[in-house]
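This is a predicted model, with the sequence first.
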Amino acid sequence: MSSYLPEKVKKLADSPIYVTLATIRPDGSPRMTVLWIARDGDELLLSTIRGRAKERDIARDPRVGIMFLDQRDPYGYVEVRGRATLSEEGGRELIDALALKYTGDETYRWDAPEATRIVIRVTAERVFTTG
């Protein structure tokens, strides 16, 4: 499948915009969570903690959706549908980079000491843009 992201998506992912991640619950219904986002080339990166519902959802069913809503143009949203993988590798570095991007703090300090950070890496299969 394609992992190409249009420039509009790259620009939004590189800005401090909040996104909504949709995962699939065990009963098939959607779970939606507002998150920070980063980009690695044509892949989208999100962060979670080991054991949270979204991590369990993705481990069971990797299909996800991400919606970008640009506050400057709310009719110009972007929807990315794809598949996610989970990895502990780079988890702490990602959340620290996201904290810097979104808050200006160099370190994310709100995790419990025993928390294990997970990288959610999304490869786009379909991208819908409006506006």
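Perfect, I can see it now.

what's whichever helix in the chain runs longest packed up against?
As assigned by DSSP state H, the longest helix anywhere in the chain is helix 91-103. Helix 91-103 sits against strand 38-40, strand 43-49, strand 117-129, with contacts defined as 3 or more CB pairs under 8 Å, 6 or more residues apart in numbering; DSSP states H and E. Yep, even glycine has a C-beta here, placed from its N, CA and C like the rest.

Any chance of TSV for the ones you listed, columns mean pLDDT, mean neighbour count and distance to residue 75?
Compiled in TSV, those are given as follows (pLDDT from 0 to 100; neighbours: other CB atoms under 10 Å; distance: least, CB to CB, whole Å):
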stretch	mean pLDDT	mean neighbour count	distance to residue 75
strand 38-40	98	15	23
strand 43-49	98	21	22
strand 117-129	96	18	11
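
Which of the ones you listed sits closest to residue 65?
strand 117-129 (9.3 Å; CB to CB).

burial measure for residue 25, as a count.
When neighbours are defined as other CB atoms under 10 Å, residue 25 has 14 of them.

which residue sits closest to it in space, ignoring its chain neighbours?
Nearest non-adjacent residue to residue 25, counting by CB to CB, 6 or more residues apart in numbering: residue 31, 5.1 Å away.

what about the one you found, which helix or strand?
Assessed by DSSP states H and E, residue 31 sits inside strand 30-35.

and the residue nearest the centre of the chain, what does it touch?
In the chain, the centroid-proximal residue (CA atoms, centre = their mean) is residue 46; its distance is 3.4 Å. Under the criterion of CB atoms under 8 Å, 6 or more residues apart in numbering, the neighbours of residue 46 are 19, 21, 35-38, 66, 119-120, 122.
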